[in-house]
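Enquirer: let me see the structure of the following:
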Amino acid sequence: MKEVQNTEGPLRAALYMRVSTGAQAKRELSIPDQRRALHEFCAARDLVVTAEFKDARTGRDENRPGFQQMMDAALHGEVPFDVVVVHSYSRFFRNELELGLRARALEKRGIRLVSITQEVGNDPAGVMLRQILALFDEYTSLETAKHVARTLAENARQGFFNGGTVPFGFKAIEAEKRGKTIKKKLVPREDEAEVVRLMFQLYLKGDGSSGPLGVKRLTEWLNDHGYRTRKGAKWGIGQIHRVLADPIHKGEYWRNRNSETSDPILIPVPPIISADDFDQARRTLESRNPKNTPPRTVSSPVLLAGLATCASCGSGMLISTGKGGKYRYYACGGRMRQGKGTCKGRRVRMEETDDLVLAAIMEDLLTHDRMTMLLQELQERQTERTADASDSLAKHEAKLSDTKTKLNRLLQLVEEGVMESSDPSLAERLNDLRTQRDIAEKAA
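Expert: Next up is the predicted model:
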């Protein structure tokens, strides 16, 4: 970077700091080092630091609170600073295209982007050099990500825990130490494991005074009897469902189980419940899956199903009856799902509420002009969606056709004796093409 100068007085500088790796984020070393170096740079060039922004997280996108705050301040209202100073351009953005776009947006507001370790000019040659540096940073970042992914995959294959949220019922313990690296494995956490066993028992057999409990009734039972999540909160239906559906509880912890780009890796762990109990619970869950049994909300005869919420706690209102079904009400869903202690509860007559809502709709919404406008907007959106869907379908069908052609050619080479069926590379290529074919078929 050429010397930052200002003949009209000192320039105002905003400092932006960001960690580069997860380890730096945990140690909190990178940002203080950057801050010291940035202040020394500004002091040597008579830049007045008027703002500081930082992000204690990594990433190649713009989903960073500090970055967003800085760009909002720079691009809206009065210009609050003249220079954005970073340690290196990779701290600002690792993507060359995004870096160029953000730098130009700042320049339009009269704000320069300056790196204290990658000094380039502001002329065309300097801009080109900055783009080259950004491309190199982007390439390095992608290569590092690939290396990290390979390392994590190998760590998982050896049966070790890669970090992240520990599933309920388990804890991560030190298994061995390799140099300064601590390898961890998952083992049952007995206090939580007991709750997991209780969940499966209630779901499969009940509490002794009733038959098997559904997920909703199970959630209420746990909350009413004082059982809480790891964070001390009440249980929700979704949380209970995830526990019952997670195969880790029968001893199978999967890495990349739902990934479309990486192969799933099975990490055996000590089971909390038997495989038979888990499989029985899973079959029951699948039989009650909304994909197999569509939710009543979709075709519900109840006017405000899925729309009305409790004024006290914000939970959705569910249908409730009284006098043997003679009267119907909208009642607080949070109170019904999690027990009486969740909310003081609201219950309103369904018929009266529906009449009020319908009257308001007729008077305020269903006017001729408004309906004409709404229908026009709907038609325009539908036209756009149809065009997008057609384009997307054409791409998927082209990909599918190309993959099938490659498969046929490969099999033809085997039939003609050009390739041996025992060739390891053949099997690998066939699997790859079949995977691509299956993905394209599902997408289409």
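Enquirer: okay, residue 133: pLDDT?
Expert: In this model, residue 133 is scored at 68, pLDDT.
Enquirer: residue 123 now?
Expert: 67.
Enquirer: could you measure from residue 90 over to residue 358?
Expert: As for residue 90, its distance to residue 358 is 58 Å (criterion: CB to CB, to the nearest Å). Heads up, the C-betas are built off the backbone N, CA and C, glycines and all.
Enquirer: okay, those two: which has more neighbours?
Expert: residue 90 (23 against 12; other CB atoms under 10 Å).
Enquirer: now the helix or strand the more buried one falls within: mean pLDDT?
Expert: According to DSSP states H and E, residue 90 maps onto helix 89-92. For helix 89-92, mean pLDDT rounds to 80.
Enquirer: and the helix or strand that that helix is followed by, which residues are buried?
Expert: Toward the C-terminus, helix 89-92 is succeeded by helix 96-108 as the next helix or strand (DSSP H and E). The neighbour-count check on helix 96-108 (16 or more other CB atoms under 10 Å) flags 96, 98, 99, 102, 103, 106 as buried.
Enquirer: I figured the third one hits residue 86, correct?
Expert: What it means is residue 99. No: using CB atoms under 8 Å, residue 99 makes no contact with residue 86, being 10.5 Å away.
Enquirer: between these two, what contacts are shared?
Expert: residue 92 (CB atoms under 8 Å, 6 or more residues apart in numbering).
Enquirer: mind checking how far the helix holding residue 90 is from the chain centre?
Expert: With CA atoms, centre = their mean, to the nearest Å as the basis, helix 89-92 stands 24 Å off its chain's centre.
Enquirer: measure the residue nearest the centre of the chain to residue 40 for me?
Expert: Nearest to the geometric centre of the chain sits residue 63, at 11.9 Å (CA atoms, centre = their mean). As defined by CB to CB, residue 63 lies at a distance of 30 Å from residue 40.
Enquirer: which stretches of the stretch 51-200 of the chain form helices?
Expert: 65-75, 89-92, 96-108, 124-157, 190-204 (DSSP state H, counting those that start in this stretch).
Enquirer: just those: most buried one?
Expert: The highest mean neighbour count among the helices of the stretch 51-200 of the chain, using mean count of other CB atoms under 10 Å, belongs to helix 89-92: a mean of 23.
Enquirer: by contact count, what packs against that one?
Expert: Applying 3 or more CB pairs under 8 Å, 6 or more residues apart in numbering; DSSP states H and E, one finds that helix 89-92 contacts strand 12-18, helix 96-108, strand 112-115, helix 124-157.
Enquirer: worst mean pLDDT among these?
Expert: helix 124-157 (a mean of 70).
Enquirer: what about the helix or strand residue 40 falls within, average pLDDT?
Expert: Taking DSSP H and E as the criterion, the element that holds residue 40 is helix 30-44. Averaged across helix 30-44, pLDDT comes to 89.
Enquirer: now it against strand 12-18, angle please.
Expert: With axes from the mean of the first three to the mean of the last three CA atoms, to 10 degrees defining the directions, helix 30-44 sits at 160 degrees from strand 12-18.
Enquirer: same for helix 30-44, what does it pack against?
Expert: Helix 30-44 packs on strand 12-18, strand 48-55, strand 83-86, going by 3+ CB pairs under 8 Å, 6+ apart.
Enquirer: out of those, flag the one nearest residue 233.
Expert: Nearest to residue 233 among the helices and strands packed on helix 30-44 is strand 48-55 (28.1 Å), distances taken as CB to CB.
Enquirer: just the buried residues of the closest one, please?
Expert: 49, 51, 52, 53, 54, 55.
Enquirer: tell me the average confidence for the strand or helix carrying residue 389?
Expert: Secondary structure assignment for residue 389, by DSSP H and E: helix 368-415. Helix 368-415 carries an average pLDDT of 83.
Enquirer: with stretch 344-360 instead?
Expert: 83.
Enquirer: how far does it sit from the chain's center?
Expert: Distance, centroid of stretch 344-360 to centroid of chain: 37 Å (CA atoms, centre = their mean).
Enquirer: in that stretch, what counts as buried?
Expert: Buried, per 16+ other CB under 10 Å, within stretch 344-360: 345, 346, 350, 353, 354.
Enquirer: please save the CA atoms from that stretch in PDB.
Expert: This file holds the C-alpha atoms of stretch 344-360, laid out as PDB (Å, rounded to 0.1, in the frame of the first residue of the first chain):
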ATOM      1  CA  LYS A 344     -51.400 -19.300  32.600                       C
ATOM      2  CA  GLY A 345     -53.200 -20.200  29.400                       C
ATOM      3  CA  ARG A 346     -55.700 -18.500  27.100                       C
ATOM      4  CA  ARG A 347     -59.000 -20.200  25.900                       C
ATOM      5  CA  VAL A 348     -61.500 -18.400  23.700                       C
ATOM      6  CA  ARG A 349     -64.700 -19.600  22.000                       C
ATOM      7  CA  MET A 350     -63.900 -20.700  18.500                       C
ATOM      8  CA  GLU A 351     -67.200 -19.700  16.900                       C
ATOM      9  CA  GLU A 352     -67.100 -16.200  18.300                       C
ATOM     10  CA  THR A 353     -63.500 -15.700  17.300                       C
ATOM     11  CA  ASP A 354     -64.000 -17.000  13.800                       C
ATOM     12  CA  ASP A 355     -66.900 -14.700  13.300                       C
ATOM     13  CA  LEU A 356     -64.800 -11.600  14.300                       C
ATOM     14  CA  VAL A 357     -61.900 -12.600  12.000                       C
ATOM     15  CA  LEU A 358     -64.200 -13.300   9.000                       C
ATOM     16  CA  ALA A 359     -66.000 -10.000   9.500                       C
ATOM     17  CA  ALA A 360     -62.700  -8.100   9.600                       C
END
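Enquirer: coming back round to it: let's have the buried residues of strand 48-55 in TSV, adding distance to residue 188.
Expert: Below are the buried residues of strand 48-55 laid out as TSV (distance: CB to CB, whole Å):
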residue	distance to residue 188
49	52
51	49
52	45
53	43
54	39
55	36
